[in-house]
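*Asks:* Got a predicted structure here, sequence first:
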Amino acid sequence: MKQIRGGATAAKGFLAADTAAGIKYQDRTDMAMLYSRTPCRAAGTFTTNVVKAAPVLWDKKVVQESAFVQAVVVNAGIANACTGQEGLGYCRETAQAAAEALGIPEEAVLVASTGVIGMQLPMDRIRDGVKAMAPKLAEGAEAGNRAARAIMTTDTHEKEAAVQFEIGGRTVTVGGMCKGSGMIHPNMCTMLAFVTTDLAISRELLQEALRADVQDTFNMISVDGDTSTNDTLLLLANGEAGNAEITEKNEDYETFCQALRIVNTELAKMMAGDGEGATALFEVQVIHAATKEQAKTLSKSVVCSSLTKAAIFGHDANWGRILCAMGYSGAQFDPERVDLYFESAAGRIQLIENGVALPYSEEEATRILSEPAVTAIADIKMGEASATAWGCDLSYDYVKINADYRS
């Protein structure tokens, strides 16, 4: 298992393209297309928000009912959410345009949108964008990177990850790209993510692997506590690696799940660390819990605490906020047994032992908290389970970005 350069085009047979369609942004690319030379098995997980954007409804139907998937069309700037039947019709029109340009069935086309809620898509620009991208489809890391940049909104950088491994003597690749910076919260957090693999695997196991993995990756991040209308995670497998198809949960399946975990974890952490206005990735580990669920509840409560996030921004070792957030999480634990540490590339410091403050250097704590990635570790001494959640600090710029997002 090794991490490699690349993203959604790292696996064999996947191509990408991008274009500047002028949907909202006038100074950058804002549409991307992914295409597989070979029909794909598809899996997906989607927002738990009751208010679901039109592309979510379209993609859920395609993933559940279509015989195969071969293309994805993504636009940035307008979310196509809260747009009624007209918005859903625009999903079909986008798929029809891609189907015509690529020579594939419209039910083999997935669509995704991100941006402002409540606006209708300018379909003339969408159709022109699809026509412009089809002949530009290309293999390789550069094409994939351009696509990853084209789907950004308030993201400050593109987000990609890929790994390679061996199954049955064949080299298999899993790669992906995602976008997400604001309106990010656990339960199929706010984002668009597209993961591809050249593995041959049954549709049922592909969906099962994705559904299980998201619980410990994308569902463990939060930027601002807002769950989006557009959350979409798609996983496409085209089988071009040439391995014997995985149809049961054997060693090969577990190897694939390990690779999927690496890619999804990297993408999830990139989103958390690139939260709107953020200056630091904030990781929370709860260790020695009685159950995995207890550890997840506690870690997510801390990573979602606005007061704790503000303290991380200020490089302030205000550990009382962490213990407080654990206390209102709903998970039961003994606060008088908790040990708490802060850790970063600058070192590690223990702040409390058995729920009581230890003498420590505020200067050393500030130095540790001034790194671009900071970890809080809570040892609750109840068992052997653990969980990790990821978020970011809360800065002045978060309010600035979201106060005038539509303009």
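*Replies:* Right, received. Where do you want to start? Numbering: from 1, shown residues only.

*Asks:* CA only for contacts and neighbour counts going forward, please
*Replies:* Will do.

*Asks:* And stretch 319-337, what's buried?
*Replies:* Judged by neighbour count using 16 or more other C-alpha atoms under 10 Å, the buried positions of stretch 319-337 are 319, 321-327, 333, 337.

*Asks:* same question, stretch 35-45
*Replies:* Buried residues in stretch 35-45, counting neighbours by 16+ other C-alpha under 10 Å, are found at 35-36, 38-45.

*Asks:* how about the helices in the stretch 101-250 of the chain?
*Replies:* For the stretch 101-250 of the chain, applying DSSP state H, counting those that start in this stretch gives helices covering 123-133, 141-150, 203-214.

*Asks:* ranking those by burial, who's on top?
*Replies:* Counting by mean count of other C-alpha atoms under 10 Å, helix 141-150 has the highest mean neighbour count of these, with a mean of 23.

*Asks:* Run the chain-centre distance for it.
*Replies:* Distance, stretch centre to chain centre, for helix 141-150: 16 Å (C-alpha atoms, centre = their mean, to the nearest Å).

*Asks:* Excluding sequence neighbours, find me the nearest residue to I322.
*Replies:* V302 (5.8 Å; C-alpha to C-alpha, 6 or more residues apart in numbering).

*Asks:* Which strand or helix spans the one you found?
*Replies:* helix 292-303 (DSSP states H and E).

*Asks:* Let me know the next secondary structure element after that helix.
*Replies:* Following helix 292-303 toward the C-terminus (DSSP H and E): helix 306-313.

*Asks:* what's next to the next helix or strand after that following helix, contact-wise?
*Replies:* Moving toward the C-terminus from helix 306-313, the next helix or strand (DSSP H and E) is helix 319-327. Applying C-alpha atoms under 8 Å, 6 or more residues apart in numbering, the external contacts of helix 319-327 come out as 298-299, 301-302, 305, 307-308, 335, 340, 351.

*Asks:* do stretch 132-145 as well
*Replies:* Outside stretch 132-145, the residues that reach it (C-alpha under 8 Å, 6+ apart) are 5-10, 13-19, 32-35, 98, 101-102, 158, 160.

*Asks:* What is the end-to-end distance of that stretch?
*Replies:* The first and last residues of stretch 132-145 sit 18 Å apart, counting by C-alpha to C-alpha, to the nearest Å.

*Asks:* same deal with stretch 6-25?
*Replies:* 26 Å.

*Asks:* Check stretch 76-95 too.
*Replies:* Termini of stretch 76-95 sit 16 Å apart (C-alpha to C-alpha).
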